[in-house]
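Engineer: sequence? don't have it. structure:
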């Protein structure tokens with residue numbers, strides 16, 4: 001199946017930020033960290049600010065100062081060549097430090113992440129005299145003569161209650177897991193975390209459209225999605241309000257040159273606030289429509305939802321869905 005339209009790797013980075021959220025203050029995340037040229041980039045580099053600290057999430061128990069994570073989306077192979085490529089990334093990362101041996105080899109770890117267990121890779125490690133231990137459900141340590149501490153994370157074996165974000169990166173998400181994730185996302189309060197959750201949810205919903213087809217018309221589905229999208233819509237409203245406020249002030253000052261600066265500025269600010277409020281609401285509604293469409297909902301389901309949530313008339317809802325309102329642009 002073609003995965004080009006599903007941003008698995010972006011979902012993985014977002015999921016790891018949420019998996020390790022309890023320790024985020026002591027970690028630094030670098031998405032697609034470039035080694036030399038663009039093709040040589042690490043999927044995710046997690047730097048532990050104090051390598052003596054212990055990460056609470058079991059995925060991070062192996063972590064040291066510098067942690068290289070390679071993610072393979074469903075259907076992609078995790079074989080011996082992928083391991084050696086990641087090993088090469090780790091070696092290049094170590095050798096690329098500013099001063100000689102400033103990054104110690106024993107301060108680097110490798111994490112290989114895949115949905116299914118890489119049985120052939122495990123057989124190769126065993127053939128090389130390495131042992132494979134399983135300290136936690138779904139997490140395997142490779143022990144033996146290897147340059148860097150290495151773990152393999154099998155997401156379909158992880159406990160879904162404790163690793164809901166990574167477990168969501170699948171084409172076979174069970175409905176209880178999806179419901180749990182939607183509820184987790186609804187309870188996130190920080191804007192950054194909500195953005196990460198949106199990224200994971202988008203991947204999950206696009207990859208499991210067939211399951212969500214059965215939810216069409218379910219009130220709780222729309223209610224949860226609308227609640228999740230609320231911070232994004234508020235951000236759009238704020239951005240549009242500020243943009244139009246600035247336009248209004250400029251217009252007001254122009255009027256003020258002819259009719260009095262003070263009156264002109266007041267009129268400009270009032271115009272800006274009114275236009276910004278209106279355009280912000282419009283942008284928020286269009287954002288909600290786009291997201292619901294991306295989740296596979298037809299316009300026939302979206303129409304009553306936006307009418308209810310935004311107090312729109314039938315004609316207004318149809319105008320939004322047809323793009324007539326979105327095509328309007330402010331005169332500068």
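Structural biologist: Happy to help now that I have it. All figures in this text were calculated on a predicted structure; none of them were measured in a lab.

Engineer: in what helix or strand does residue 204 lie?
Structural biologist: Here residue 204 sits within helix 191-207, counting by DSSP states H and E.

Engineer: Which segments of this protein make up each domain?
Structural biologist: When the chain is parsed with automatic domain parsing, its domains come out as 8-177, 219-322.

Engineer: Pull up the gap between residue 315 and residue 81, please.
Structural biologist: According to Cβ to Cβ, to the nearest Å, residue 315 and residue 81 sit 59 Å apart. C-beta coordinates here come from the backbone N, C-alpha and C atoms, glycine included.

Engineer: what does residue 34 give?
Structural biologist: Remark: distance between residue 34 and residue 81 (Cβ to Cβ) = 21 Å.

Engineer: These two: who's more crowded?
Structural biologist: The neighbour count for residue 34 versus residue 81, taken as other Cβ atoms under 10 Å, is higher for residue 34 (13 against 10).

Engineer: excluding its backbone neighbours, what's nearest that one?
Structural biologist: For residue 34, ignoring the flanking residues on the chain, the nearest one in space by Cβ to Cβ, 6 or more residues apart in numbering is residue 41 at 5.0 Å.

Engineer: count of neighbours near the one you found?
Structural biologist: For residue 41, the neighbour count with other Cβ under 10 Å is 16.

Engineer: Same question for the one 3 residues further on.
Structural biologist: Summarising burial for residue 44: neighbours were counted as other Cβ under 10 Å, giving 22.

Engineer: Ok, residue 157 next?
Structural biologist: Residue crowding around residue 157 was assessed by other Cβ under 10 Å; the count is 17.

Engineer: Contacts only, for it.
Structural biologist: Applying Cβ atoms under 8 Å, 6 or more residues apart in numbering to residue 157 gives the contacts 117, 137-138.

Engineer: okay, these in TSV with distance to residue 129, secondary structure and pLDDT next?
Structural biologist: Formatted as TSV, those follow (distance: Cβ to Cβ, whole Å; DSSP: H, G, I helix; E, B strand; the rest coil; pLDDT from 0 to 100):
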residue	distance to residue 129	secondary structure	pLDDT
117	20	coil	96
137	26	coil	97
138	24	coil	97
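
Engineer: Filter these down to the buried ones.
Structural biologist: residue 138 (16 or more other Cβ atoms under 10 Å).

Engineer: Which of the helices or strands spans the closest residue to residue 18 other than its chain neighbours?
Structural biologist: Leaving aside its sequence neighbours, residue 18 sits nearest to residue 165 (Cβ to Cβ, 6+ apart; 4.4 Å). Using DSSP H and E, residue 165 sits within helix 164-167.

Engineer: just residue 33 next, same as before
Structural biologist: According to DSSP H and E, residue 33 maps onto strand 27-34.

Engineer: Buried residues in that strand, which are they?
Structural biologist: By 16+ other Cβ under 10 Å, the buried positions in strand 27-34 come out as 27, 29, 31, 33.

Engineer: could the residues you listed go into a markdown table alongside pLDDT and distance to residue 7?
Structural biologist: What follows is the buried residues of strand 27-34, written out as a markdown table (pLDDT from 0 to 100; distance: Cβ to Cβ, whole Å):
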| residue | pLDDT | distance to residue 7 |
| --- | --- | --- |
| 27 | 91 | 22 |
| 29 | 90 | 17 |
| 31 | 83 | 12 |
| 33 | 75 | 18 |
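
Engineer: Show the backbone phi and psi for residue 102.
Structural biologist: phi -70, psi -30 (degrees, to the nearest 10).

Engineer: which residues of the stretch 201-332 of the chain score low on pLDDT?
Structural biologist: 211-280, 294-296, 326-332 (pLDDT under 70).

Engineer: same question, the stretch 51-200 of the chain
Structural biologist: In the stretch 51-200 of the chain, no residues with pLDDT under 70.

Engineer: just so I have it, where are all the strands in it?
Structural biologist: Along the stretch 51-200 of the chain, counting by DSSP state E, counting those that start in this stretch, strands occupy 66-71, 108-114, 131-136, 139-143, 150-154.

Engineer: residues making contact with the first one?
Structural biologist: The set of residues that contact strand 66-71 without belonging to it, under Cβ under 8 Å, 6+ apart, is 8-9, 12, 16, 42-48, 60, 82, 85-86, 89-90, 93, 103, 107-114.

Engineer: make it 7 Å
Structural biologist: Residues outside strand 66-71 that contact it (Cβ atoms under 7 Å, 6 or more residues apart in numbering) are 9, 12, 16, 42-48, 82, 86, 89-90, 93, 103, 107-113.

Engineer: ok, of the residues you listed, which come out buried?
Structural biologist: Buried subset of these (neighbour count, 16+ other Cβ under 10 Å): 9, 12, 16, 42-48, 82, 86, 89-90, 93, 103, 107-113.
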